[in-house]
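[1] Sequence first, then the predicted structure:
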Amino acid sequence: EPSWVAINKRTRRPLAIGAEAREMVGRTPSDIVAIRPLRDGVISEFEITEAMLDYFIKKAHEQMLVPFPRPRVVVGVPSGVTEVEKRAVYDATISAGAREAFLIEEPMAAAIGAGLPINEARGSMIVDIGGGTTEVAIFAMTGIVVSRSIRVAGDEMNEDITNYVRSKYNLLIGERMAERAKIAIGSAFPLPEERTMTIRGRNLINGLPQSVEISSIELREAMAPSVNIIVDTVRDALDDTPPELVADLMEVGICLAGGGAQIQGLAERVEDIVKMRVWVAEDSMTCVARGAGRVLENLDLWERALVGLHRGSTHH
(Lines give C-alpha, C1' and ligand atoms only; values in the text may rest on other atoms or scores of the structure.)
Protein backbone atom coordinates (compact mmCIF):
# COMPACT_ATOMS: atom_id res chain seq x y z
CA GLU A 1 0.00 0.00 0.00
CA PRO A 2 1.31 3.51 -0.72
CA SER A 3 1.95 5.56 2.44
CA TRP A 4 -0.58 8.31 1.70
CA VAL A 5 -3.25 9.58 4.10
CA ALA A 6 -6.14 11.93 3.24
CA ILE A 7 -7.03 14.11 6.24
CA ASN A 8 -9.57 16.76 7.16
CA LYS A 9 -7.49 19.97 7.50
CA ARG A 10 -9.61 21.32 10.35
CA THR A 11 -9.88 18.22 12.57
CA ARG A 12 -6.64 16.50 11.34
CA ARG A 13 -8.64 13.24 11.25
CA PRO A 14 -7.72 10.65 8.59
CA LEU A 15 -10.48 10.10 5.99
CA ALA A 16 -8.74 7.62 3.69
CA ILE A 17 -5.48 5.67 3.86
CA GLY A 18 -3.20 3.91 1.38
CA ALA A 19 -4.22 3.39 -2.24
CA GLU A 20 -7.58 5.13 -1.69
CA ALA A 21 -5.83 8.26 -0.34
CA ARG A 22 -3.32 8.27 -3.20
CA GLU A 23 -6.19 8.37 -5.70
CA MET A 24 -7.23 11.67 -4.09
CA VAL A 25 -3.90 13.47 -4.64
CA GLY A 26 -4.58 16.80 -6.35
CA ARG A 27 -8.32 16.12 -6.50
CA THR A 28 -9.60 16.94 -3.01
CA PRO A 29 -11.99 19.71 -1.87
CA SER A 30 -10.33 22.61 -0.04
CA ASP A 31 -10.91 21.17 3.46
CA ILE A 32 -9.29 17.80 2.65
CA VAL A 33 -5.62 17.25 1.89
CA ALA A 34 -3.72 14.10 0.87
CA ILE A 35 -0.34 13.92 2.60
CA ARG A 36 2.57 11.53 3.10
CA PRO A 37 3.24 11.30 6.84
CA LEU A 38 6.52 9.51 6.10
CA ARG A 39 8.44 12.01 3.99
CA ASP A 40 11.90 10.99 2.76
CA GLY A 41 11.51 7.80 4.77
CA VAL A 42 11.14 9.57 8.15
CA ILE A 43 8.09 10.61 10.18
CA SER A 44 6.86 14.14 9.58
CA GLU A 45 3.40 13.68 11.19
CA PHE A 46 3.47 11.35 14.22
CA GLU A 47 -0.28 10.94 14.91
CA ILE A 48 -1.11 10.45 11.24
CA THR A 49 1.68 7.88 10.83
CA GLU A 50 0.31 6.06 13.88
CA ALA A 51 -3.22 6.04 12.37
CA MET A 52 -1.81 4.74 9.07
CA LEU A 53 0.14 1.93 10.76
CA ASP A 54 -2.92 1.03 12.83
CA TYR A 55 -4.93 0.75 9.58
CA PHE A 56 -2.26 -1.43 7.90
CA ILE A 57 -1.98 -3.72 10.95
CA LYS A 58 -5.78 -4.20 11.07
CA LYS A 59 -5.98 -4.72 7.30
CA ALA A 60 -3.25 -7.37 7.38
CA HIS A 61 -5.22 -9.25 10.05
CA GLU A 62 -8.66 -9.00 8.41
CA GLN A 63 -8.08 -12.16 6.38
CA MET A 64 -6.93 -14.00 9.52
CA LEU A 65 -10.10 -13.12 11.47
CA VAL A 66 -8.12 -11.78 14.45
CA PRO A 67 -10.42 -9.34 16.30
CA PHE A 68 -7.70 -7.48 18.29
CA PRO A 69 -4.37 -7.90 16.50
CA ARG A 70 -1.18 -7.43 18.57
CA PRO A 71 1.40 -8.52 16.02
CA ARG A 72 5.16 -8.39 15.86
CA VAL A 73 6.10 -5.85 13.20
CA VAL A 74 9.30 -5.30 11.23
CA VAL A 75 9.61 -1.74 9.85
CA GLY A 76 12.14 -0.57 7.26
CA VAL A 77 14.01 2.71 7.87
CA PRO A 78 16.52 4.50 5.61
CA SER A 79 20.14 3.78 6.56
CA GLY A 80 20.92 7.46 7.14
CA VAL A 81 18.28 8.19 9.81
CA THR A 82 19.16 9.50 13.27
CA GLU A 83 18.51 7.74 16.59
CA VAL A 84 15.65 10.20 17.23
CA GLU A 85 14.03 9.35 13.88
CA LYS A 86 14.42 5.60 14.55
CA ARG A 87 12.85 6.02 17.97
CA ALA A 88 9.90 7.91 16.42
CA VAL A 89 9.24 5.03 13.98
CA TYR A 90 9.50 2.49 16.80
CA ASP A 91 7.15 4.49 19.08
CA ALA A 92 4.57 5.02 16.31
CA THR A 93 4.55 1.27 15.57
CA ILE A 94 4.03 0.35 19.24
CA SER A 95 1.35 3.07 19.64
CA ALA A 96 -0.43 1.66 16.58
CA GLY A 97 -0.88 -1.65 18.40
CA ALA A 98 2.21 -3.75 17.68
CA ARG A 99 3.21 -6.18 20.44
CA GLU A 100 6.85 -5.93 19.42
CA ALA A 101 8.55 -3.72 16.83
CA PHE A 102 11.85 -4.37 15.09
CA LEU A 103 13.64 -1.97 12.76
CA ILE A 104 15.65 -2.98 9.71
CA GLU A 105 17.61 -0.73 7.39
CA GLU A 106 15.81 -0.59 4.05
CA PRO A 107 18.79 -1.63 1.90
CA MET A 108 19.22 -4.71 4.14
CA ALA A 109 15.52 -5.59 3.76
CA ALA A 110 15.71 -4.96 -0.01
CA ALA A 111 18.76 -7.23 -0.34
CA ILE A 112 17.05 -10.03 1.61
CA GLY A 113 13.88 -9.58 -0.49
CA ALA A 114 15.92 -9.66 -3.71
CA GLY A 115 17.56 -12.91 -2.59
CA LEU A 116 21.14 -11.57 -2.40
CA PRO A 117 23.57 -13.82 -0.46
CA ILE A 118 24.26 -11.16 2.17
CA ASN A 119 25.12 -13.70 4.89
CA GLU A 120 28.13 -14.98 2.92
CA ALA A 121 31.67 -13.62 3.14
CA ARG A 122 31.42 -12.76 -0.56
CA GLY A 123 30.35 -9.17 -1.21
CA SER A 124 27.02 -8.13 -2.74
CA MET A 125 25.56 -4.71 -3.52
CA ILE A 126 22.12 -3.16 -3.78
CA VAL A 127 20.85 0.20 -5.00
CA ASP A 128 17.32 0.66 -3.62
CA ILE A 129 15.54 3.61 -5.25
CA GLY A 130 12.31 4.30 -3.39
CA GLY A 131 10.02 7.34 -3.31
CA GLY A 132 11.84 9.57 -0.84
CA THR A 133 15.29 8.00 -0.54
CA THR A 134 17.87 6.08 -2.53
CA GLU A 135 19.86 3.59 -0.47
CA VAL A 136 23.16 2.18 -1.70
CA ALA A 137 24.75 -0.61 0.34
CA ILE A 138 27.52 -3.19 0.05
CA PHE A 139 27.16 -6.28 2.25
CA ALA A 140 29.24 -9.13 3.60
CA MET A 141 28.53 -11.53 6.51
CA THR A 142 25.02 -10.09 7.17
CA GLY A 143 26.54 -6.68 7.75
CA ILE A 144 26.62 -3.43 5.80
CA VAL A 145 30.25 -2.65 4.92
CA VAL A 146 29.61 0.60 3.01
CA SER A 147 26.35 2.53 2.79
CA ARG A 148 25.02 5.77 1.35
CA SER A 149 21.55 7.22 1.86
CA ILE A 150 20.41 10.22 -0.16
CA ARG A 151 17.08 12.01 -0.24
CA VAL A 152 16.94 11.90 -4.03
CA ALA A 153 14.69 9.24 -5.54
CA GLY A 154 11.36 8.80 -7.35
CA ASP A 155 9.64 11.82 -5.76
CA GLU A 156 12.52 14.09 -6.74
CA MET A 157 12.31 12.85 -10.35
CA ASN A 158 8.60 13.73 -10.39
CA GLU A 159 9.56 17.20 -9.18
CA ASP A 160 12.24 17.46 -11.90
CA ILE A 161 9.58 16.69 -14.52
CA THR A 162 7.09 19.20 -13.03
CA ASN A 163 9.74 21.96 -12.99
CA TYR A 164 10.94 21.17 -16.52
CA VAL A 165 7.41 21.28 -17.98
CA ARG A 166 6.66 24.49 -16.09
CA SER A 167 9.77 26.31 -17.34
CA LYS A 168 9.70 24.97 -20.92
CA TYR A 169 5.96 24.98 -21.66
CA ASN A 170 4.48 27.30 -18.98
CA LEU A 171 2.38 24.30 -18.03
CA LEU A 172 1.50 23.37 -14.46
CA ILE A 173 1.03 19.62 -14.02
CA GLY A 174 0.18 17.60 -10.91
CA GLU A 175 2.46 15.06 -9.23
CA ARG A 176 0.37 12.16 -10.54
CA MET A 177 0.73 13.37 -14.15
CA ALA A 178 4.51 13.70 -13.65
CA GLU A 179 4.64 10.18 -12.19
CA ARG A 180 2.60 8.79 -15.09
CA ALA A 181 4.97 10.40 -17.61
CA LYS A 182 8.02 9.07 -15.73
CA ILE A 183 6.67 5.50 -15.77
CA ALA A 184 5.47 5.64 -19.39
CA ILE A 185 8.40 7.30 -21.18
CA GLY A 186 10.98 8.26 -18.54
CA SER A 187 14.49 6.91 -19.10
CA ALA A 188 18.08 7.25 -17.94
CA PHE A 189 19.77 6.09 -21.15
CA PRO A 190 18.93 6.58 -24.86
CA LEU A 191 16.08 4.24 -25.84
CA PRO A 192 16.22 2.00 -28.94
CA GLU A 193 13.08 3.85 -30.05
CA GLU A 194 12.30 7.23 -28.48
CA ARG A 195 8.63 7.81 -27.66
CA THR A 196 6.16 10.62 -26.93
CA MET A 197 3.07 11.06 -24.79
CA THR A 198 0.47 13.74 -24.15
CA ILE A 199 0.55 15.46 -20.78
CA ARG A 200 -2.26 17.65 -19.50
CA GLY A 201 -2.25 20.53 -17.08
CA ARG A 202 -3.02 24.22 -16.70
CA ASN A 203 -1.41 26.96 -18.76
CA LEU A 204 0.28 29.38 -16.35
CA ILE A 205 -0.23 32.40 -18.60
CA ASN A 206 -3.95 32.20 -19.39
CA GLY A 207 -5.01 29.74 -16.66
CA LEU A 208 -6.74 27.43 -19.17
CA PRO A 209 -6.40 23.64 -19.51
CA GLN A 210 -3.72 22.65 -22.02
CA SER A 211 -2.22 19.48 -23.52
CA VAL A 212 1.41 19.19 -24.62
CA GLU A 213 3.19 16.40 -26.48
CA ILE A 214 6.42 15.54 -24.65
CA SER A 215 9.17 13.17 -25.79
CA SER A 216 11.25 10.61 -23.92
CA ILE A 217 14.33 12.68 -24.88
CA GLU A 218 12.89 15.72 -23.06
CA LEU A 219 11.96 13.62 -20.05
CA ARG A 220 15.47 12.17 -19.89
CA GLU A 221 16.81 15.73 -19.87
CA ALA A 222 14.31 16.67 -17.12
CA MET A 223 15.25 13.71 -14.91
CA ALA A 224 19.01 14.04 -15.49
CA PRO A 225 19.80 16.01 -12.28
CA SER A 226 18.36 13.28 -10.02
CA VAL A 227 19.67 10.39 -12.12
CA ASN A 228 23.19 11.90 -12.09
CA ILE A 229 23.14 12.24 -8.29
CA ILE A 230 22.08 8.58 -7.92
CA VAL A 231 24.79 7.36 -10.33
CA ASP A 232 27.43 9.51 -8.56
CA THR A 233 26.35 8.02 -5.21
CA VAL A 234 26.85 4.48 -6.56
CA ARG A 235 30.32 5.42 -7.79
CA ASP A 236 31.12 7.11 -4.47
CA ALA A 237 30.13 3.96 -2.51
CA LEU A 238 32.31 1.79 -4.77
CA ASP A 239 35.26 4.15 -4.20
CA ASP A 240 35.04 3.40 -0.46
CA THR A 241 34.69 -0.38 -0.87
CA PRO A 242 37.61 -2.68 0.06
CA PRO A 243 39.31 -4.14 -3.07
CA GLU A 244 38.42 -7.76 -2.18
CA LEU A 245 34.72 -6.87 -2.15
CA VAL A 246 35.05 -4.87 -5.39
CA ALA A 247 36.50 -8.03 -6.99
CA ASP A 248 33.41 -9.97 -5.77
CA LEU A 249 31.09 -7.30 -7.17
CA MET A 250 32.84 -7.43 -10.56
CA GLU A 251 31.77 -11.08 -10.62
CA VAL A 252 28.21 -10.88 -9.27
CA GLY A 253 27.20 -7.36 -10.34
CA ILE A 254 24.98 -4.73 -8.72
CA CYS A 255 21.29 -5.27 -8.00
CA LEU A 256 18.76 -2.42 -8.48
CA ALA A 257 15.59 -2.52 -6.35
CA GLY A 258 12.64 -0.26 -5.48
CA GLY A 259 10.16 1.47 -7.78
CA GLY A 260 12.92 3.63 -9.29
CA ALA A 261 14.72 0.51 -10.55
CA GLN A 262 11.97 0.20 -13.17
CA ILE A 263 12.99 3.40 -14.94
CA GLN A 264 13.99 2.38 -18.44
CA GLY A 265 17.71 2.38 -19.13
CA LEU A 266 18.77 3.00 -15.52
CA ALA A 267 20.64 -0.31 -15.27
CA GLU A 268 22.42 0.46 -18.58
CA ARG A 269 23.30 3.95 -17.37
CA VAL A 270 24.87 2.70 -14.12
CA GLU A 271 26.60 -0.11 -16.05
CA ASP A 272 28.05 2.43 -18.49
CA ILE A 273 29.56 4.47 -15.63
CA VAL A 274 30.82 1.75 -13.24
CA LYS A 275 31.77 -0.81 -15.92
CA MET A 276 30.23 -3.81 -14.18
CA ARG A 277 27.03 -5.82 -14.66
CA VAL A 278 23.89 -4.18 -13.26
CA TRP A 279 20.56 -6.02 -13.02
CA VAL A 280 17.05 -5.27 -11.76
CA ALA A 281 15.61 -7.43 -8.96
CA GLU A 282 12.54 -9.47 -9.76
CA ASP A 283 9.40 -7.63 -8.60
CA SER A 284 11.66 -4.75 -7.53
CA MET A 285 8.80 -2.64 -6.09
CA THR A 286 8.17 -5.10 -3.24
CA CYS A 287 11.76 -6.11 -2.31
CA VAL A 288 11.80 -4.18 0.99
CA ALA A 289 8.40 -5.51 2.09
CA ARG A 290 9.27 -9.10 1.12
CA GLY A 291 12.65 -8.85 2.85
CA ALA A 292 11.05 -7.52 6.05
CA GLY A 293 8.53 -10.40 5.83
CA ARG A 294 11.31 -12.99 5.59
CA VAL A 295 13.04 -11.47 8.62
CA LEU A 296 9.77 -11.56 10.59
CA GLU A 297 9.31 -15.25 9.73
CA ASN A 298 12.75 -16.09 11.14
CA LEU A 299 13.89 -13.43 13.62
CA ASP A 300 16.55 -15.71 15.12
CA LEU A 301 18.26 -16.30 11.77
CA TRP A 302 18.21 -12.61 10.80
CA GLU A 303 18.88 -11.10 14.25
CA ARG A 304 22.15 -9.55 13.02
CA ALA A 305 20.28 -7.79 10.22
CA LEU A 306 18.13 -5.76 12.63
CA VAL A 307 18.84 -2.19 13.74
CA GLY A 308 19.93 -1.12 17.23
CA LEU A 309 16.74 -0.07 19.03
CA HIS A 310 15.56 -3.57 19.91
CA ARG A 311 18.95 -4.11 21.59
CA GLY A 312 20.78 -2.13 24.27
CA SER A 313 18.95 0.12 26.71
CA THR A 314 15.52 -0.28 25.13
CA HIS A 315 15.46 -4.09 25.14
CA HIS A 316 11.92 -5.44 25.47
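    That came in fine, so what should we check first?
[2] A92: which element?
    helix 83-95 (DSSP states H and E).
[3] what comes up buried for whichever helix or strand comes after that helix?
    Later in the chain than helix 83-95, the nearest helix or strand by DSSP H and E is strand 100-105. For strand 100-105, burial by neighbour count (16 or more other C-beta atoms under 10 Å) applies to 101-105. For every residue, glycine as well, the C-beta is placed using N, CA and C.
[4] just stretch 79-96 next, same as before
    Buried positions in stretch 79-96, judged by neighbour count with 16+ other C-beta under 10 Å: 79-81, 85-86, 88-96.
[5] Would you point out the most distant pair within the buried residues of strand 100-105?
    For the buried residues of strand 100-105, the farthest-apart pair by C-beta to C-beta is A101 and E105; their separation is 14.6 Å.
[6] picking up where we left off before, among the buried residues of stretch 79-96, show me the least confident.
    Across the set of the buried residues of stretch 79-96, G80 stands lowest in pLDDT, at 75.
[7] Identify, from the buried residues of stretch 79-96, the entry nearest to S30.
    Once C-beta to C-beta is applied, the member of the buried residues of stretch 79-96 that ends up nearest S30 is A92, at 28.4 Å.
[8] was I right about the closest one contacting L53?
    Yes - at 6.0 Å, A92 counts as touching L53 under the criterion of C-beta atoms under 8 Å.
[9] quick check, distance from the helix or strand hosting M157 to the centre of its chain.
    M157 belongs to helix 154-169 when assigned by DSSP H and E. Mean-position distance between helix 154-169 and its chain equals 19 Å (C-alpha atoms, centre = their mean, to the nearest Å).
[10] One more: stretch 201-214?
    Relative to its chain's centre, stretch 201-214 lies at 30 Å (C-alpha atoms, centre = their mean).
[11] What's the end-to-end length of it?
    13 Å (C-alpha to C-alpha, to the nearest Å).
[12] buried sites along it?
    201, 210, 212, 214.
[13] so of those residues, which ones are in helices?
    Of the buried residues of stretch 201-214, none are assigned to helices by DSSP state H.
[14] now, the most widely separated pair of these?
    The most widely separated members of the buried residues of stretch 201-214, counting by C-beta to C-beta, are Q210 and I214 (12.1 Å).
[15] any idea how far M285 is from the closest residue to L191 other than its chain neighbours?
    Leaving out its chain neighbours, the residue that sits closest to L191 by C-beta to C-beta, 6 or more residues apart in numbering is S216, at 5.7 Å. Going from S216 to M285 by C-beta to C-beta, to the nearest Å gives 21 Å.
[16] again with R220
    Note on R220: its distance to M285, by C-beta to C-beta, is 22 Å.
[17] For these two, indicate the residue with more neighbours.
    For R220 versus M285, neighbours defined as other C-beta atoms under 10 Å are more numerous around R220 (22 against 15).
[18] any idea how far A267 is from that one?
    Shown here: R220 relative to A267, a distance of 15 Å by C-beta to C-beta.
[19] Look up how far R166 lies from the residue of the chain most remote from its centre.
    Farthest-out residue of the chain from its mean C-alpha position, per C-alpha atoms, centre = their mean: N206, at 36.6 Å. N206 is 15 Å from R166, where distance means C-beta to C-beta.
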